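>>> No letters, just coordinates:
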Ligand SMILES: NC(=O)c1ccc[n+]([C@@H]2O[C@H](COP(=O)([O-])OP(=O)(O)OC[C@H]3O[C@@H](n4cnc5c(N)ncnc54)[C@H](OP(=O)(O)O)[C@@H]3O)[C@@H](O)[C@H]2O)c1
C-alpha cells in the first residue's frame, strides 16, 4: 500500500527501542526521512544504522533526553520543520498513589503531558504553512481503563489527550491531524521488565505473570511492535487525512466496551 508520504520528514521521539522504534521503521519503509531518538548514544546510533540498512531511508540519530529543553532543541536542529511528529516518552514506574509527593507528580505530568505539548508548539506553525501535518501521540490503554499503580501515567496522558483534542479541531482546516495511539500489552523491553518486576514482587515466576496477563486479552497474545508501527504509519498517511482527534486502542480486545 502506498502511504503517499515518501519524502516527508518525521521526528519520532523515544524511538531507539520498542514502540517508538517500530513507528520509525514503518515510516522509513514508507519513504520518510526519519529522526530516531533515545538517551543512550550507542543504542540510538545502532537503531538508526539498522533502519537505514533495512529501508535505504535517510535516518538521523539524535541522542538526547526528549523531556529537556536542550533535547528538544537537538531534535528540531536535526529536523527543523517536520511533516510528521510522533510523540513518545518513557512512562512512570508503578507506584501506590499515596507515595507520590508533589515533585514526583510534577515530573510525571511533565514527562507524559507537557513534553508532548511543547513539541507540538514547536512543530505546528511550519505544518500550517505547508498545509500538511501528522501528529501521533503514543499514550496508553490506561487512558480509557486506568490501572492501579499507574495513576500518574493515566492522569497525565488523559490530560494530554484532552488538551490536544481541542487543538486538533483548530488545526484541522490546515490538513493537520492529531491522533492518539493507546497500546494495551505490546511485547517490548518495558513489558518484559514489568513482568519480571511483578513476578519478583509477588514471589512467583515470570511465566506465571505472563499467563495471568494473557488470560485477560481476548487475542490471547501480546501485540507486536511491528503491528503498532504499521498503524502509526497509516495514521501518518495521505489516506488518513480525515481521521483526527481520535483515540485508537490497540489491545487485542482487552477493553470490554462496545465503544
Ligand atoms: N509496551 C507496552 O505494552 C505499553 C503499554 C502501554 C503504554 N506503553 C507506553 O508506550 C511508551 C513506549 O513504551 P515501550 O514499551 O516502547 O518502551 P521501551 O521498550 O522501554 O522503549 C522506550 C524507548 O524510549 C526511549 N526513552 C526513554 N526515555 C527517554 C527520554 N527521556 N528521552 C528520549 N528517549 C527516551 C528509550 O531509549 P533510552 O532508554 O536510551 O532513552 C527507548 O528507546 C511508554 O510511554 C509506555 O509507558 C507501552
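Perfect, thanks for sending it. A quick note: this is a predicted structure, and the numbers were derived from the prediction, not measured. Residues are numbered from 1 along each chain as shown.
>>> For the rest of this, base every contact and every neighbour count on C-alpha atoms.
Fine.
>>> hang on, residue 134 in a strand?
Yes - secondary structure of residue 134 (DSSP: H, G, I helix; E, B strand; the rest coil): part of a strand.
>>> How about the contacts made by residue 250?
Neighbouring residues of residue 250 by C-alpha atoms under 8 Å, 6 or more residues apart in numbering: 141, 181-184, 223, 228.
>>> quick one: pLDDT of it?
pLDDT for residue 250: 98.
>>> which parts of stretch 198-217 are buried?
For stretch 198-217, the neighbour count (16 or more other C-alpha atoms under 10 Å) marks 198-199, 206, 209-210, 214, 217 as buried.
>>> any idea which helix or strand carries residue 34?
Assigned by DSSP states H and E, residue 34 belongs to strand 33-38.
>>> Show me which residues of the stretch 101-250 of the chain sit near the ligand.
138-141, 183-191 (C-alpha under 6 Å from any ligand atom).
>>> Next, give phi and psi for the residue most central in space within the chain.
Residue closest to the average C-alpha location in the chain (C-alpha atoms, centre = their mean): residue 138, at 2.8 Å. Backbone torsions for residue 138, taken as degrees, to the nearest 10, come to phi -80, psi 110.
>>> excluding its backbone neighbours, what's nearest it?
Of all residues not flanking residue 138 in the chain, residue 181 sits nearest, at 5.0 Å (C-alpha to C-alpha, 6 or more residues apart in numbering).
>>> Show me what the helix or strand where that neighbour lies is in contact with.
Assigned by DSSP H and E, residue 181 falls within strand 176-183. The contact list for strand 176-183 (C-alpha under 8 Å, 6+ apart) reads 127-128, 131-143, 161, 164-165, 168, 171, 232, 235, 241-251.
>>> ok so, going back, the helix or strand following the strand holding residue 34 packs against which elements?
As assigned by DSSP H and E, the chain's next helix or strand after strand 33-38 is helix 41-55. Helix 41-55 sits against helix 18-29, strand 33-38, strand 59-63, with contacts defined as 3 or more C-alpha pairs under 8 Å, 6 or more residues apart in numbering; DSSP states H and E.
>>> how many degrees apart are the second one and helix 41-55 in direction?
What that stands for is strand 33-38. With axes from the mean of the first three to the mean of the last three C-alpha atoms, to 10 degrees as the basis, strand 33-38 and helix 41-55 are set at 150 degrees to each other.
>>> packing partners for strand 33-38?
Counting by 3+ C-alpha pairs under 8 Å, 6+ apart, strand 33-38 packs on strand 9-12, helix 18-29, helix 41-55, strand 59-63, helix 69-78.
>>> Relative to residue 259, which of the ones you listed is closest?
In terms of C-alpha to C-alpha, the element of the helices and strands packed on strand 33-38 nearest to residue 259 is helix 18-29, at 24.5 Å.
>>> Other residues contacting the closest one?
So helix 18-29 is in contact with 10, 12-15, 33-36, 47, 51-52, 55, 57-59, 86, 88, 188-190, 225-226, 228-230, 232-233, going by C-alpha under 8 Å, 6+ apart.
>>> Let's see the ChimeraX selection covering just the buried ones among these.
Listed next is the ChimeraX selection for buried residues among those, using 16+ other C-alpha under 10 Å:
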select :10,12,13,14,15,33,34,35,36,47,51,52,55,57,58,59,86,88,188,190,225,226,228,229,230,232,233
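>>> Could you check the pLDDT of the residue nearest to residue 217 when sequence neighbours are not counted?
Of all residues not flanking residue 217 in the chain, residue 254 sits nearest, at 4.8 Å (C-alpha to C-alpha, 6+ apart). pLDDT recorded at residue 254 is 97.
>>> Spit out the contact partners of residue 254.
By C-alpha under 8 Å, 6+ apart, residue 254 lies in contact with 184, 216-218.
>>> Many thanks, we can stop here.
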